[in-house]
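**Q** With the sequence up front, the predicted model follows.
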Amino acid sequence: MDPLIIEARVNEYATRNRNRNVPWLPGEIASDATACFEAGASIVHFHGRDAGGLPDNRFETCRDTILAVREQSPILVHPSLGYLTVASSFEERFANTQRLASVPATRPDFVPMDMGSVNADLFDARTPAFRSPGTVYVNGTDMLIALSQRLRQAEIKPSLVAWNVSFIRQIEAFSTMSLLDAPLFVSLVLTDKILIAGHPGTAAGLDAYLAFLPKNVPTAWAVTYIGGRLDALLDKIILAGGHIQVGLGDYPYSEDGCPTNAAVVASIARRASELGRPVAAPADTREILQLPNRR
């Protein structure tokens, strides 16, 4: 079994209302990434944010964040494409990544590819009512084909995001079309609370994904749990050979006294050690996923 890859999802669009330790600015993200690396993470996933916590998808913000992260540690970088740009054209959405990839020092190691479109409405069961009816995260197949081709040219590994089983089937179709290079790196999204777009954060929700993972191509799978904690599934994932994507971007852990991202990562690494599975260093992750070398 491969060492456990831990990806720190440090901020997403999380506020500081429930945990003051969410990093926003490039320097904050870089310091957080270093602490997560020292705790056992080999990948950091981040979203650009401004000083007030609002999304900041400017090229300069992503560039400065990557440079700051790499100046401090060897952790692998996985920036967002920018969720709030989903209504833009492919060229607009890919522009930052293309510019980042043109310089070895800023070329991302990963870029997310959400392998389909999903209704991202927020549902409040207490009301009951949708808070944002009509919200769709749009990722057309034509756009994804273009993205897979451009990422291959840029020598960037796609992190293939699945929100339900249909996304897994799309991943398999893309692999059959030779649009993706093995091994595949697949992120299985579980959701809870008001976001109901993903599979529920239960063993049954995870097993439904695992039953449909591609069988004819090497695949490394990881689990993201938006709105919940992975505690109940942690042993299952570790012992089954899966990997973990976790952090304050997905859950505030306020009931634990508002820990840092590094503390959350350290708890995962500690449990993996107790179960006899070592955590992957960045070099291990690069080998497991056969990442292109950064020139």
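**A** Yep, that arrived.
**Q** remind me which residues of this protein are low pLDDT?
**A** Low-confidence segments of the chain, defined by pLDDT under 70, span residues 82-87, 294-295.
**Q** Between the two ends of stretch 95-109, how far is it?
**A** Distance across stretch 95-109, first residue to last, is 16 Å (CA to CA, to the nearest Å).
**Q** Go through it and flag the buried ones.
**A** By neighbour count on 16 or more other CB atoms under 10 Å, the buried set for stretch 95-109 is 96, 97, 100, 101, 106, 107, 108, 109. C-betas here are computed from N, CA, C, even on glycine.
**Q** what about the closest residue to residue 160 other than its chain neighbours, which SS state?
**A** The shortest distance from residue 160 to any non-neighbouring residue, by CB to CB, 6 or more residues apart in numbering, is to residue 186 (4.8 Å). Residue 186 falls in the strand class when you classify it by DSSP: H, G, I helix; E, B strand; the rest coil.
**Q** now residue 186, which residues is it bridged with?
**A** Under the criterion DSSP bridges, residue 186 forms beta bridges with residue 160, residue 221.
**Q** Neighbours of it, how many?
**A** Residues within reach of residue 186, counting by other CB atoms under 10 Å, total 24.
**Q** swap in residue 112?
**A** 19.
**Q** give the contact list for the residue nearest to residue 160.
**A** Residues touching residue 186, when contacts are defined by CB atoms under 8 Å, 6 or more residues apart in numbering, comprise 160, 161, 162, 168, 171, 213, 219, 220, 221, 222.
**Q** What's the separation between it and residue 245?
**A** With distances defined as CB to CB, to the nearest Å, the gap from residue 186 to residue 245 amounts to 11 Å.
**Q** where do the contact lists of these two overlap?
**A** Between them, residue 186 and residue 245 share the neighbouring residues residue 222, with contact defined by CB under 8 Å, 6+ apart.
**Q** helix or strand for the residue nearest to residue 199 when sequence neighbours are not counted, which one?
**A** Leaving aside its sequence neighbours, residue 199 sits nearest to residue 205 (CB to CB, 6+ apart; 3.7 Å). According to DSSP states H and E, residue 205 maps onto helix 203-210.
**Q** Against residue 15, how distant is the residue nearest to residue 292 when sequence neighbours are not counted?
**A** Distances taken as CB to CB, 6+ apart put residue 155 closest to residue 292, at 3.9 Å, once the chain neighbours are dropped. Using CB to CB, one obtains 35 Å as the distance from residue 155 to residue 15.
**Q** These two - which one has more neighbours?
**A** Ranked by neighbour count (other CB under 10 Å), residue 155 and residue 15 place residue 155 first, with 15 against 12.
**Q** List the contacts of the more buried one.
**A** Going by CB under 8 Å, 6+ apart, residue 155 touches 101, 107, 292.
**Q** what sits against the residue positioned nearest the centre of the chain?
**A** In the chain, the C-alpha closest to the average C-alpha coordinate belongs to residue 45, at a distance of 5.7 Å (CA atoms, centre = their mean). Shown in contact with residue 45 (CB under 8 Å, 6+ apart): 7, 8, 9, 10, 78, 79, 80, 110, 112, 245, 247, 249.
**Q** how about 7 Å then?
**A** The neighbourhood of residue 45, defined by CB atoms under 7 Å, 6 or more residues apart in numbering, consists of 7, 8, 9, 78.
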